[in-house]
Structure formats: C-alpha cells, structure tokens
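Colleague: give me the fold of what follows.
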Amino acid sequence: MVPTARLYEIAAAEEIEVITHDLPAGMLGFYFAEPDTTAVIALSNTLREDSLLYRCVLAEKLGHHLMFPRRIVTILSGSTCPAQSTGP
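Modeller: Model prediction:
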C-alpha cells in the first residue's frame, strides 16, 4: 500500500493542487485540468485522510493525470472505488 504522504509527494512533483471540498452526495472526488492551468484533485471532505478509501480516491485521480494529463474531468463515486466494497 502506498502511503498517503507518498501520494502527496507525487501530486506535488506533478504540480497538482490537492484540495478537500464539499462535493455532492456520493461524489468522492474529481480531477480537473485544462491547458495552461494548475491541475486540481478535489476530494470529498467527508473522507478521512487516514482511510484506505481516501488513498484509493487520491491514487485513482493521480492515475488520470499521469495517463491522460490535461485532457479530462473525471468523477469517482462510491460505487466505483474498490476500497468501498464490502465483499471478501
């Protein structure tokens, strides 16, 4: 498991601003980037920073930046994050 601190280091190295914000119910986070602007990852302020789900959402959003930089807006809801599942 990648520590949260390491995910923040990656975000800083990529010049991504990570913020927490009031997001609509069910939305855990989003990634937003446009050319010539600072990329932003917004995480729901309902997530605890020390939780597995927080790391999952942050890592997933970093993945969008690394794979498709400055091209998309992505949204992650609770139903699409593996850390949210309750199965075995």
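
Colleague: for the closest residue in space to Ala39 that isn't next to it in sequence, give me the pLDDT.
Modeller: Take Ala39 and drop its neighbours on the chain: the residue closest to it by Cβ to Cβ, 6 or more residues apart in numbering is Ala33, 3.8 Å away. Every residue, glycine included, has its C-beta placed from N, CA and C. Listed pLDDT for Ala33 reads 85.

Colleague: separation between Ala33 and Val2?
Modeller: Ala33 sits 21 Å away from Val2, going by Cβ to Cβ, to the nearest Å.

Colleague: more crowded one of the two?
Modeller: Using other Cβ atoms under 10 Å as the criterion, Ala33 and Val2 rank with Ala33 on top: 19 against 12.

Colleague: hmm, that one is touching Val40, no?
Modeller: Yes: between Ala33 and Val40 a contact is recorded at 7.2 Å, counting by Cβ atoms under 8 Å.

Colleague: state the distance from the most centrally placed residue in the chain to Gly26.
Modeller: With distances taken as Cα atoms, centre = their mean, Leu58 lies nearest the centre of the chain, 3.0 Å away. Separation of Leu58 from Gly26 (Cβ to Cβ) stands at 18 Å.

Colleague: likewise for Asp36?
Modeller: According to Cβ to Cβ, Asp36 stands 31 Å off from Gly26.

Colleague: between the two, which has more neighbouring residues?
Modeller: More neighbours surround Gly26 than the other of Asp36 and Gly26, with 11 against 5 (other Cβ under 10 Å).

Colleague: phi, psi of that one?
Modeller: When read as degrees, to the nearest 10, the backbone of Gly26 gives phi 90, psi -10.

Colleague: begin at 708, not 1, for the rest of this chat.
Modeller: With the count now opening at 708, the last piece we talked about shows up as Gly733.

Colleague: ends of stretch 724-740, how far apart?
Modeller: End-to-end distance of stretch 724-740 (Cα to Cα, to the nearest Å): 10 Å.

Colleague: report the distance from the lengthiest helix in the chain to the chain centre.
Modeller: In the chain, with assignment by DSSP state H, the single longest helix is helix 759-774. How far helix 759-774 lies from its chain's middle: 4 Å, per Cα atoms, centre = their mean, to the nearest Å.
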